[in-house]
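K.L.:
With the sequence up front, the predicted model follows.
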Amino acid sequence: MTKNSACKILASVTAAAYLVVAFPVASSAQSVDDLAQVCAGCHGEKGIPVDKTTPVIWGQKRDYILNQLYDFKVGRRANDLMTPVAQSLSKEDMQALATHFSKMAWPDLPQTTPSADDAKTAREVLNSVNCRGCHQANYEGDTVRPRIAGQQDEYLLKTMNDFRNGDRKTYIGMTALMKSVHEEALKPVAEYLASLKVPARTK
């Protein structure tokens with residue numbers, strides 16, 4: 001068994017155990033710290049996810065997190081772990097979790113450094129589909145679009161392919177954009193975005 005496989009199994013068991021204990025019924029009785037512990041089973045105790053296809057949520061945009069939780073809750077998105085978690089959360093729980101994680105510091109992940117050629121390819125693709133138009137100049141997102149700079153490269157690649165293949169249907173605009181990009185260019189784009197850091201804001 002590989003280390004990644006073991007981590008996936010551990011994350012699944014951990015999340016399932018929390019579901020039984022922490023969410024017997026939809027309720028707002030749990031504190032946000034208790035609720036966040038459920039998320040840590042997959043998204044990491046220190047904001048570094050257990051698996052590279054799991055997204056970073058520490059420091060992500062509040063409204064984006066809230067929208068994704070709602071989409072899982074009502075079935076617009078589907079995931080074996082996230083769907084039952086979200087369905088067990090009340091509106092107040094989701095708002096509290098979104099606020100909580102948006103205030104956490106984005107973790108410093110070890111990322112793959114793309115080659116000069118791959119970085120050039122990635123920049124050309126990103127410019128051609130105007131990713132900055134939604135995700136902002138530094139790919140840091142805004143009130144509703146996610147930060148993708150410094151995100152997990154394998155998660156980014158999976159997400160782009162899910163939009164491209166129609167497995168993720170939450171935003172038709174992304175589907176059209178990903179279909180316009182050659183499939184072989186997606187991996188360089190994912191690695192390039194993952195390697196980026198958002199500049200610190202000056203006061």
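P.N.:
Perfect, thanks for sending it. All figures in this text were calculated on a predicted structure; none of them were measured in a lab. Numbers count the residues shown, from 1 in each chain.

K.L.:
how near is the residue nearest to R168 when sequence neighbours are not counted to D51?
P.N.:
Among residues not flanking R168 along the chain, D162 sits closest, at 3.9 Å (CB to CB, 6 or more residues apart in numbering). No exception for glycine: its C-beta is placed from N, CA and C like everyone else's. Applying CB to CB, to the nearest Å, one obtains 16 Å for the distance of D162 from D51.

K.L.:
how about the helix or strand containing the residue nearest to R168: buried residues?
P.N.:
Following DSSP states H and E, one finds D162 within helix 153-165. Using 16 or more other CB atoms under 10 Å as the test for burial, helix 153-165 gives 153-164.

K.L.:
what does stretch 73-84 give?
P.N.:
73, 77, 81-82.

K.L.:
Look up the closest residue to the spatially most central residue of the chain, ignoring the ones flanking it.
P.N.:
Centroid-nearest residue in the chain: P55, 3.2 Å away (criterion: CA atoms, centre = their mean). Nearest in space to P55, with sequence neighbours left out and distances taken as CB to CB, 6+ apart, is Y155 at 4.8 Å.

K.L.:
For that neighbour, which residues are in contact?
P.N.:
Residues near Y155 by CB atoms under 8 Å, 6 or more residues apart in numbering: 49, 52-56.

K.L.:
List just the nearest of the residues you listed to S128.
P.N.:
P55 (24.5 Å; CB to CB).

K.L.:
Next one, pLDDT for the closest one please.
P.N.:
Note on P55: pLDDT of 97.

K.L.:
Would you confirm that it belongs to a helix?
P.N.:
No. Read with DSSP: H, G, I helix; E, B strand; the rest coil, P55 is coil and lies in no helix.

K.L.:
before we move on, back to that, turn the contacts of Y155 into CSV, including distance to C131.
P.N.:
CSV is the format used below for these (distance: CB to CB, whole Å):
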residue, distance to C131
P49, 22
K52, 21
T53, 21
T54, 22
P55, 17
V56, 18
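
K.L.:
top of those by neighbour count?
P.N.:
The most crowded member of the contacts of Y155, judged by other CB atoms under 10 Å, is V56 (24 neighbours).

K.L.:
where do the helices sit along the protein?
P.N.:
Using DSSP state H, the helices found in the chain span residues 3-22, 32-43, 62-74, 82-87, 91-102, 116-128, 132-135, 153-165, 172-179, 186-195.
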